[in-house]
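Enquirer: Provided below for reference: sequence and predicted model.
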Amino acid sequence: MSTRIRRRRIRKKRTKKFNHRMVVGLFFILVSVFLLFSALMINICRLNKNKGDTYRKKVLAQQSYTNAVLNYRRGAIKDRNDTILAQSVRKFNLIIEARKLATQEDIRKETLTQIAAYFAFDTSVIEKIIEENPNSMYQHVEGLKELTSQQIQGFKKEMETNDKVKGVWFEETYTRNYPLNEIACNIVGFTSSEEQGTYGVEGSYNEVLNGKTGREYGYFDANMDFQRTVKKATNGNNVVLTIDANVQRLIEKQIKKYNEDVGAKNISVMVMNPNNGEILAMASKNSYNLNEPRELTSMYTQEQIQAMDEKTKSEALMSMWSNFCISSAYEPGSTFKPFTVAAALDEGVVKDSDYFPCDGGLTVSGVRIRCSNRSGHGSISLQTSLMESCNSALMAIGEKLGRANFSKYNQIFGFGQKTGIDLPGETAGLIHKEDELNPVELATSSFGQTQTVTMVQMTAGFSSLVNGGDYYEPHIVKEVQNENGAIVKKVEPTVVKKTVSEKTSKLIRKYMKATVEDGTAAPAGVKGYSIGGKTGTAQKRPVTERKYLVSFLGCVPAENPEAVVYVIIDEPNVEDQAHSTYATEFASKIMKKILPFLGIYADQSQEETTAESGNEKKETEGESAGNTDNADGEGNADSEDNAGDEQ
């Protein structure tokens, strides 16, 4: 074989071997690239799964965001006739987009010039905001909050026509407003700056009145286009009260007038529908402007306010905001007597035809407890015992009833326990437990002393006495409506229990009518109306100070009551406080004004119930502890040897 042929073969073998190596090399390169790419993809997927949100946020953080709260409108509070007592008024906060204004000198200058012109505002404040927050797209401006639609109207038109006014927008918000100022202040209550209800209906129905805030999420992209998602706010529900604002206004006006003419430590009035538990009015001397709830000038002089330290001022505010009708307890006096008589009638221990002796007092366990008539009423009927407010008769009735039954009826009438009224701050008062009702305590409790009650307890309990025996849960809210006025919830009358029989209730109505027509409550009469009721003149502790709480608890019409009216005058500013006439005359003035508004009209054939002779007769009658001039038969537990010192 020639050398040439051999060399050719060797070259072929080398070429073939080289090509084979190249193919193998390329294959391994491709496999390596595929494996690396696969590993990279697997790693990317793993990172995206485990840390994707983190990296995404880092990227998005380079852009500008806004996360604004969209405020809801708190529901309104209205009276039974749709008169607005509280409402949330739409306002606007001016918002600065500092980033936009920080980078555009001409726009910033023109925008600030127009803000200064339309709002008479020192724009150096805004310059400082821009300087301190150059990347922000959402900044409030103090002094340009809670603007009205009228205030911003001109500037918004300027923004539409002037293309150099930018970087400003208006955020919608709401402020609480009370159109009637102080009317029903102790019922309505008020809100804090955070839209949280404080006192009254604002407090007890806070969750109902409040809605839910919305959110506006978004960011400005590289082109400064605003990308956003809006979750709308849900407005709160409206609350409709049982009260009549006209009746409430008239009562508050009379309270103010009495306080100016005579004055008293406190004056309180409650009006209730006895047939469903609705509170028609509830007022007291303590009054304040709901739009300025921390302003004490309605109750104190500037000199008094300036002399207060922080603790005293705080106590004064708490007192001013409190609702006496539900949060204060006191000894009721002879207005309690109808409850004792009703309990005895229902238990069958006394009857309508019974008579009771009165020689001016009764000795109980060696203690002489006197009647207002020191010479005695003589032998008097059950009806007359209420008409003349005889302590001796009531003590005898209490003894017949016994401490077990007396304690039982205390519970039945709701004394010593909260009524459940839908207002905050209710107290329960203090009553004797059964084992504490020793003979003297039973005797004094029978005519309304040594136990404490609240106005709402007395009003609700008395309503059951005159309506046939049904005890309705007292309530201040009639219904809940959505923002469009549709009823969400209707508060139905709730009969909690039966207190007395219809027969007993009928007798109590008869006795109460006689007490106004011919008894101690004669000054409470109103021409053309049939009114029933009972007076009270409770001596306060300590008895040596001779201070009294006088009252009248009544109903109209007497035969078929549509309204129960309760009046309390605590320590009237007169030399001799021990006369229920102050309360009965005041009650007469109030009923004369409010009854037509309640749809209760005078019967022209009804005889005059406040005869002059009756007024003169009852002016010096009363109930007191150890006071012969006292008007209502409220006696003290006095020892024979130490008359006038309560035991």
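Expert: All right, it came through fine. Residues are numbered from 1 along each chain as shown.

Enquirer: going forward, measure contacts between C-alpha atoms and count neighbours the same way
Expert: Noted.

Enquirer: name the nearest residue to Val230, ignoring sequence neighbours.
Expert: Excluding the flanking residues, the one nearest Val230 by C-alpha to C-alpha, 6 or more residues apart in numbering is Glu216, at 4.5 Å.

Enquirer: wasn't that neighbour part of a helix?
Expert: No - using DSSP: H, G, I helix; E, B strand; the rest coil, the assignment for Glu216 is strand, not a helix.

Enquirer: correct me, but it touches Thr229?
Expert: Yes - Glu216 is in contact with Thr229 according to C-alpha atoms under 8 Å; the separation is 5.8 Å.

Enquirer: so for those two, which sits in the more crowded spot?
Expert: Using other C-alpha atoms under 10 Å, the more surrounded residue of Glu216 and Thr229 is Glu216, with 15 against 11.

Enquirer: give me the low-pLDDT residue ranges for this protein?
Expert: 1-28, 31, 33, 37, 44-68, 218-228, 605-647 (pLDDT under 70).

Enquirer: Lys593 versus Thr515, what's the distance?
Expert: Thr515 is 22 Å from Lys593, where distance means C-alpha to C-alpha, to the nearest Å.

Enquirer: for Tyr174, same thing?
Expert: Relative to Lys593, and taking C-alpha to C-alpha, Tyr174 is found at 37 Å.

Enquirer: equivalent analysis for Val269, please.
Expert: In terms of C-alpha to C-alpha, Val269 sits 14 Å off from Lys593.

Enquirer: quick one, which of those two is more surrounded?
Expert: Val269 (26 against 14).

Enquirer: doesn't the more buried one fall inside a strand?
Expert: Yes - under three-state DSSP, Val269 falls within a strand.

Enquirer: could we number from 133 for the rest of this?
Expert: With 133 as the first residue, the last one maps to Val401.

Enquirer: what are the bridge partners for it, then?
Expert: For Val401, the beta-bridge partners under DSSP bridges are Ala415, Val699.

Enquirer: Provide a list of residues in contact with it.
Expert: 383, 413-416, 457, 697-700 (C-alpha atoms under 8 Å, 6 or more residues apart in numbering).

Enquirer: go on, Met644?
Expert: Contacts of Met644 by C-alpha under 8 Å, 6+ apart are 518-519, 663-666, 686, 690.

Enquirer: Thr647 reaches Ile663, doesn't it?
Expert: No - when contacts are counted by C-alpha under 8 Å, Thr647 is not listed as touching Ile663 (9.2 Å).

Enquirer: who has more neighbours out of these two?
Expert: The neighbour comparison of Thr647 against Ile663 (other C-alpha under 10 Å) goes to Ile663, with 30 against 26.

Enquirer: what residues are up against that one?
Expert: 644-645, 648-649, 656-657, 686-690.

Enquirer: switch the residues you listed over to JSON lines; also include distance to Arg506.
Expert: Below are those laid out as JSON lines (distance: C-alpha to C-alpha, whole Å):
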{"residue": "Met644", "distance to Arg506": "24"}
{"residue": "Lys645", "distance to Arg506": "26"}
{"residue": "Val648", "distance to Arg506": "23"}
{"residue": "Glu649", "distance to Arg506": "24"}
{"residue": "Ala656", "distance to Arg506": "25"}
{"residue": "Gly657", "distance to Arg506": "27"}
{"residue": "Gly686", "distance to Arg506": "27"}
{"residue": "Cys687", "distance to Arg506": "30"}
{"residue": "Val688", "distance to Arg506": "33"}
{"residue": "Pro689", "distance to Arg506": "34"}
{"residue": "Ala690", "distance to Arg506": "31"}
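
Enquirer: hmm, back to that, most surrounded residue in the contacts of Met644?
Expert: Gly665 (35 neighbours).

Enquirer: which residues touch that one?
Expert: Here Gly665 is in contact with 644-645, 647-648, 653, 684-687 (criterion: C-alpha under 8 Å, 6+ apart).

Enquirer: now, those residues that are in strands?
Expert: 684-687 (DSSP state E).

Enquirer: in PyMOL, how would I select just the buried ones from these?
Expert: Remark: buried members of those, expressed as a PyMOL selection using 16 or more other C-alpha atoms under 10 Å:
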select buried, resi 684+685+686+687
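
Enquirer: so which helix or strand takes in Arg308?
Expert: Assigned by DSSP states H and E, Arg308 falls within strand 300-309.

Enquirer: that older thread, got a markdown table for the ones in strands among the contacts of Gly665, with distance to Phe287 too?
Expert: Below are those laid out as a markdown table (distance: C-alpha to C-alpha, whole Å):
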| residue | distance to Phe287 |
| --- | --- |
| Phe684 | 60 |
| Leu685 | 60 |
| Gly686 | 60 |
| Cys687 | 60 |
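
Enquirer: out of the ones in strands among the contacts of Gly665, which is nearest to Thr472?
Expert: Nearest to Thr472 among those, counting by C-alpha to C-alpha, is Leu685 at 14.8 Å.

Enquirer: buried ones in stretch 723-733, by neighbour count?
Expert: 723-724, 726-727, 730, 732.

Enquirer: before we move on, the earlier item: would you format the contacts of Met644 as CSV with distance to Val379 and secondary structure included?
Expert: Below are the contacts of Met644 laid out as CSV (distance: C-alpha to C-alpha, whole Å; DSSP: H, G, I helix; E, B strand; the rest coil):
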residue, distance to Val379, secondary structure
Leu518, 30, helix
Met519, 29, helix
Ile663, 18, coil
Gly664, 20, strand
Gly665, 20, strand
Lys666, 22, strand
Gly686, 17, strand
Ala690, 20, coil
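
Enquirer: endpoint to endpoint, stretch 596-608 covers what distance?
Expert: From its first residue to its last, stretch 596-608 covers 18 Å (C-alpha to C-alpha).

Enquirer: go on, stretch 320-329?
Expert: 10 Å.

Enquirer: now that stretch: how far from the chain's centre is it?
Expert: Distance, stretch centre to chain centre, for stretch 320-329: 10 Å (C-alpha atoms, centre = their mean, to the nearest Å).

Enquirer: repeat that for stretch 202-218.
Expert: Worked out by C-alpha atoms, centre = their mean, stretch 202-218 lies 14 Å from the chain centre.

Enquirer: which of the contacts of Val401 are buried, as a ChimeraX select command?
Expert: Burial among these is assessed by 16+ other C-alpha under 10 Å; the matching ChimeraX selection reads:
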select :383,413,414,415,416,457,697,698,699,700
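
Enquirer: just put the contacts of Val401 in a markdown table and tack on distance to Ile375.
Expert: Shown next, in a markdown table, are the contacts of Val401 (distance: C-alpha to C-alpha, whole Å):
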| residue | distance to Ile375 |
| --- | --- |
| Ile383 | 12 |
| Ala413 | 5 |
| Met414 | 8 |
| Ala415 | 11 |
| Ser416 | 15 |
| Cys457 | 14 |
| Val697 | 14 |
| Tyr698 | 15 |
| Val699 | 17 |
| Ile700 | 19 |
